[in-house]
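Student: the following block contains a protein sequence and its predicted model.
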Amino acid sequence: MFKLSDILPFDNIVIQCHDNPDADAIGSAFALYSYLRQQGKSPEIVYSGFNEVSKRNLQRMLSDLAIPMRYVKELEAPDLLVCVDCQYGQGNVKKFAAPTVCVVDHHLLVSKEYDFGVVESGLGSCSTLMWKLLSDEGFDFAAQQNVATALYYGLFTDTSKLTEINHPLDKDMRDSLPTFANMTLIKELRNCNLSLEELEVAGVALLRNHNDSDKRYAIFRAEDCDPSILAMISDFALEVENVDVCLAYNIKDDGAKTSVRSCVREVMASEFAEFISSGVGSGGGHRDKAGGFIQKKAVEALEMSIPEYISLKSAVYFEKYDMIYAGNHTIDTADMKRYVKKSLHLGFVISSEVFEKNTSIMLRTLEGDSKVRSDDDIYLMIGIEGEIYPIKADKFRANYKICECDFCSESEYEPSAKNESTGEVKKLKPFIKSCISLGEKPIFARPLTRHTKVFTEWNPDGYMYGKPGDYLAVKCDDINDVYIIQAHIFAKAYEEVV
């Protein structure tokens, strides 16, 4: 497991941003620079490319936060070169010689030309990754306002003003740093982010679009621009009468940044963004606003251009899924087998032990955020991969037996709960008790052969999304209780009734 302290044995350290660095690269590099300075090192921050930083918001970021970043065309080989928000040998990174290379990045892994480091492609920004690494080292953000501000602005800009956040770590950082950051400066930087040239880019993109009036979606291609411009394009496009879903994108050296918007319950922006980038990048966000990145090399391997790929994937998405509205859709169970849940070691938390009764709490997991009110009668079940769902106490007692063994989760993120009134966040791990499932009432289930959206009885305004291979499930004693179970969870958690 990579730690920032792994860098400390080196003396001559250079931190490199990608060419034409954005706020995320600058903020991440500055945070690492500040940590190394605290440890008695004398690092420097550099970038290269055809042009020096010229955007007014970035110039103000550099000056107001006292970030010592240097533009170079040549570089004497350091003992260690740390590539931040980029990968050594990537097309948008000037390749400088170095005996040892470290990489800290959040993009899809495209180059293995480095000796150590960490690449977390599911995160919305490299600033989030740097915040986590600094937090693990006990970094004092309260005493380093400039660092907190730089990291927050990096996340802010790389997620289209925080509208395209999906990973829980991004959300944790978003909630944590405003306490320490200079939010007045953030507001000023936000309001000097658009140039007249970028306004023209947005205007041209809005005129040059592909619109499917039957499916009520539109695609907009913009010239190279800041992610915030894409967000502006997609926000404005959704105001059009016959557009319910839109996707704006621009092509860079290594791929395409996307911004997705939706105003109908049948299409979650986060799920559409994930579908578009599946297998060739990463995507996610919120129900209404989302975004992602599509890797150029991955699309070229399919013998397609990025515009062709986006057009085709969008058409496939709107043509190849079924809709099931629980309560208004009769499921034919004749060809479905019966299954029961295996006897598994699971976790549970009594919600009133985390927060006082009747507290509105938000549960944060890799699957997204959900809300529930704490009560002695409301338990929080924690599944084998860290998934969380509420359950009534009487139903828990009927289907689970409390045991003394420790609960072990395979989730990469430790679930947390947030008091919606006070903002207090608590990790759930200290409250988790272990239990064994006794085998719930049987369900009918069959694997899906098409992409399917299920509007459940308990969440009629949203849907559960299933891919081919996932399972459509129906309670044997209630055919209106229809839901989706992901294939890998189904294989671990259920067994057929013979």
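Tutor: That came through, no problem.
Student: tabulate the CA atom coordinates of whichever strand or helix holds residue 312 in PDB.
Tutor: In the assignment (DSSP states H and E), residue 312 maps to helix 306-319. Presented in PDB, the C-alpha positions along helix 306-319 are these (Å, rounded to 0.1, in the frame of the first residue of the first chain):
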ATOM      1  CA  ILE A 306     -14.400   9.100 -30.100                       C
ATOM      2  CA  PRO A 307     -17.300  10.900 -31.800                       C
ATOM      3  CA  GLU A 308     -18.300   7.600 -33.500                       C
ATOM      4  CA  TYR A 309     -18.000   5.700 -30.200                       C
ATOM      5  CA  ILE A 310     -20.100   8.300 -28.200                       C
ATOM      6  CA  SER A 311     -22.800   8.400 -30.900                       C
ATOM      7  CA  LEU A 312     -23.000   4.600 -31.100                       C
ATOM      8  CA  LYS A 313     -23.000   4.000 -27.300                       C
ATOM      9  CA  SER A 314     -25.700   6.600 -26.800                       C
ATOM     10  CA  ALA A 315     -27.900   5.000 -29.400                       C
ATOM     11  CA  VAL A 316     -27.400   1.600 -27.900                       C
ATOM     12  CA  TYR A 317     -28.200   2.900 -24.400                       C
ATOM     13  CA  PHE A 318     -31.600   4.300 -25.500                       C
ATOM     14  CA  GLU A 319     -32.500   1.300 -27.600                       C
END
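Student: let me know the next secondary structure element after that helix.
Tutor: As assigned by DSSP H and E, the chain's next helix or strand after helix 306-319 is strand 321-325.
Student: below-threshold pLDDT in the chain: ranges please.
Tutor: 285-286, 329, 365-368, 410, 439-440, 458-462 (pLDDT under 70).
Student: circling back to that earlier point, just checking, what packs against the helix holding residue 312?
Tutor: If you count contacts as 3 or more CB pairs under 8 Å, 6 or more residues apart in numbering; DSSP states H and E, helix 306-319 packs onto strand 209-212, strand 217-222, strand 245-251, strand 255-262, helix 269-277, strand 289-295, helix 296-300. C-beta: built from backbone N, CA, C; applies to glycine.
Student: can you rerun that using 7 Å?
Tutor: On a contact count with 3 or more CB pairs under 7 Å, 6 or more residues apart in numbering; DSSP states H and E, helix 306-319 meets strand 217-222, strand 245-251, helix 269-277, helix 296-300.
Student: so how far is the helix or strand that the third one is followed by from its chain's centroid?
Tutor: Helices and strands here follow DSSP H and E; after helix 269-277, the next one along the chain is strand 281-285. A distance of 6 Å separates the C-alpha centroid of strand 281-285 from that of its chain, computed with CA atoms, centre = their mean, to the nearest Å.
Student: now for the helices and strands packed on helix 306-319, which one comes closest to residue 313?
Tutor: Comparing the helices and strands packed on helix 306-319 by their distance to residue 313 (CB to CB), the top pick is helix 269-277, with 5.2 Å.
Student: check which helices and strands the closest one sits against.
Tutor: Packed against helix 269-277 by the contact rule (3+ CB pairs under 7 Å, 6+ apart) you find strand 255-262, strand 281-285, strand 289-295, helix 306-319.
Student: ok, now with 8 Å
Tutor: Packing contacts for helix 269-277, counted by 3+ CB pairs under 8 Å, 6+ apart, involve strand 245-251, strand 255-262, strand 281-285, strand 289-295, helix 306-319.
Student: can I get those in JSON lines with distance to residue 398?
Tutor: Listed next are the helices and strands packed on helix 269-277 as JSON lines, based on distance: least, CB to CB, whole Å:
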{"stretch": "strand 245-251", "distance to residue 398": "42"}
{"stretch": "strand 255-262", "distance to residue 398": "39"}
{"stretch": "strand 281-285", "distance to residue 398": "36"}
{"stretch": "strand 289-295", "distance to residue 398": "38"}
{"stretch": "helix 306-319", "distance to residue 398": "40"}
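Student: of the ones you listed, which is nearest residue 43?
Tutor: Among the helices and strands packed on helix 269-277, strand 289-295 comes nearest to residue 43, with 27.9 Å by CB to CB.
Student: tell me which strands the closest one pairs with, and in which orientation.
Tutor: Sheet pairing of strand 289-295 (DSSP bridges) gives strand 255-262 (antiparallel), strand 281-285 (antiparallel).
Student: could you dump those to CSV with distance to residue 416 and mean neighbour count?
Tutor: As requested, the strands paired with strand 289-295 are exported to CSV (distance: least, CB to CB, whole Å; neighbours: other CB atoms under 10 Å):
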stretch, distance to residue 416, mean neighbour count
strand 255-262, 26, 28
strand 281-285, 18, 24
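Student: follow-up on the earlier one: the helices and strands packed on helix 306-319 into a markdown table, with extra columns for mean neighbour count and distance to residue 373?
Tutor: Formatted as a markdown table, the helices and strands packed on helix 306-319 follow (neighbours: other CB atoms under 10 Å; distance: least, CB to CB, whole Å):
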| stretch | mean neighbour count | distance to residue 373 |
| --- | --- | --- |
| strand 217-222 | 23 | 36 |
| strand 245-251 | 26 | 32 |
| helix 269-277 | 25 | 25 |
| helix 296-300 | 17 | 44 |
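Student: of these, which is nearest residue 445?
Tutor: Taking CB to CB, helix 269-277 is the member of these nearest to residue 445, at 21.6 Å.
Student: can you give me the angle the closest one makes with strand 281-285?
Tutor: Angle, helix 269-277 to strand 281-285, by axes from the mean of the first three to the mean of the last three CA atoms, to 10 degrees: 170 degrees.
Student: so what angle separates the directions of helix 269-277 and strand 245-251?
Tutor: Using the same axes, to 10 degrees, helix 269-277 lies at 50 degrees relative to strand 245-251.
Student: any residues touching helix 269-277, and which ones?
Tutor: Contacts of helix 269-277 with the rest of the structure, by CB atoms under 8 Å, 6 or more residues apart in numbering, involve 164, 166, 245, 247, 258, 260-262, 282-294, 310, 313-314, 317, 368, 465.
Student: next one: that helix to chain centre, how far?
Tutor: Worked out by CA atoms, centre = their mean, helix 269-277 lies 11 Å from the chain centre.
Student: over to stretch 4-11?
Tutor: Chain-centre distance of stretch 4-11: 29 Å, with CA atoms, centre = their mean.
Student: quote the end-to-end distance of that stretch.
Tutor: Start-to-end span of stretch 4-11 (CA to CA, to the nearest Å) is 14 Å.
Student: identify the residues contacting that stretch?
Tutor: The contact list for stretch 4-11 (CB under 8 Å, 6+ apart) reads 13, 32, 35-36, 39, 41, 79-80, 82, 100, 102, 116, 133-134, 136-137.
Student: next structured bit after the longest helix seen in the chain?
Tutor: Using DSSP state H to define each element, the chain has its longest helix at helix 23-38. Sequence-wise, the next helix or strand downstream of helix 23-38 (DSSP H and E) is strand 44-47.
Student: that following strand packs against which elements?
Tutor: Against strand 44-47 (3+ CB pairs under 8 Å, 6+ apart) you get strand 13-16, helix 23-38, strand 69-71.
Student: among the ones you listed, which comes closest to residue 217?
Tutor: Residue 217 sits nearest to helix 23-38 of all the helices and strands packed on strand 44-47, at 28.7 Å, using CB to CB.
Student: what residues sit buried inside that closest one?
Tutor: 23-36 (16 or more other CB atoms under 10 Å).
Student: can you put those in TSV and add distance to residue 486?
Tutor: Below are these laid out as TSV (distance: CB to CB, whole Å):
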residue	distance to residue 486
23	35
24	31
25	34
26	38
27	35
28	32
29	37
30	39
31	35
32	36
33	41
34	41
35	38
36	42
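Student: quick one, helices of the chain?
Tutor: Under the criterion DSSP H, helices of the chain are mapped to 23-38, 56-64, 126-136, 145-158, 168-176, 183-190, 196-207, 227-237, 269-277, 296-300, 306-319, 351-354, 393-399, 487-493.
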